[in-house]
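Peer 1: The following block contains a protein sequence and its predicted model.
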Amino acid sequence: VSTLTTELQPTEIELIDDSASHRGHAGMKGSDAVESHFKLRVVSEKFEGLPLVKRHQLVYGLLSEQFAAGLHALNIKAKTPSEASK
């Protein structure tokens, strides 16, 4: 979360560990990762003017080390402040 906070300067951020819902998931076979599935809700002005795909690519890029270390899945809700207030 610290990388996201530093780079995106969010007005809101929520990270939920959803790993327990995916125990035994085929994609996790052979992995030692305990925390592997997360839901992220982030509101940032940095998303202004970016389409959804670019917002997700930005988040994935910031978390590349976490994915390399065993993060398997991330459900992202990336909004601008004006979108979040609706």
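Peer 2: Cool, the structure landed. Every value quoted in this text rests on a predicted model; they were computed, and no experiment measured them.
Peer 1: residue boundaries of the helices in the protein?
Peer 2: Using DSSP state H, the helices found in the chain span residues 2-8, 52-62, 64-68, 81-84.
Peer 1: Reformat these into a markdown table and put distance to L74 next to each item.
Peer 2: For every residue, glycine as well, the C-beta is placed using N, CA and C. Formatted as a markdown table, the helices of the chain follow (distance: least, Cβ to Cβ, whole Å):
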| stretch | distance to L74 |
| --- | --- |
| helix 2-8 | 11 |
| helix 52-62 | 7 |
| helix 64-68 | 8 |
| helix 81-84 | 19 |
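Peer 1: In a markdown table: these, plus mean neighbour count and mean pLDDT.
Peer 2: As requested, these are exported to a markdown table (neighbours: other Cβ atoms under 10 Å; pLDDT from 0 to 100):
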| stretch | mean neighbour count | mean pLDDT |
| --- | --- | --- |
| helix 2-8 | 13 | 96 |
| helix 52-62 | 14 | 97 |
| helix 64-68 | 11 | 91 |
| helix 81-84 | 13 | 97 |
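Peer 1: Just tell me which of those helices ends up closest to D18.
Peer 2: helix 64-68 (14.7 Å; Cβ to Cβ).
Peer 1: Name the residues that touch that closest one?
Peer 2: Residues from elsewhere that reach helix 64-68, judged by Cβ atoms under 8 Å, 6 or more residues apart in numbering: Y60.
Peer 1: Thanks a lot, see you next time.
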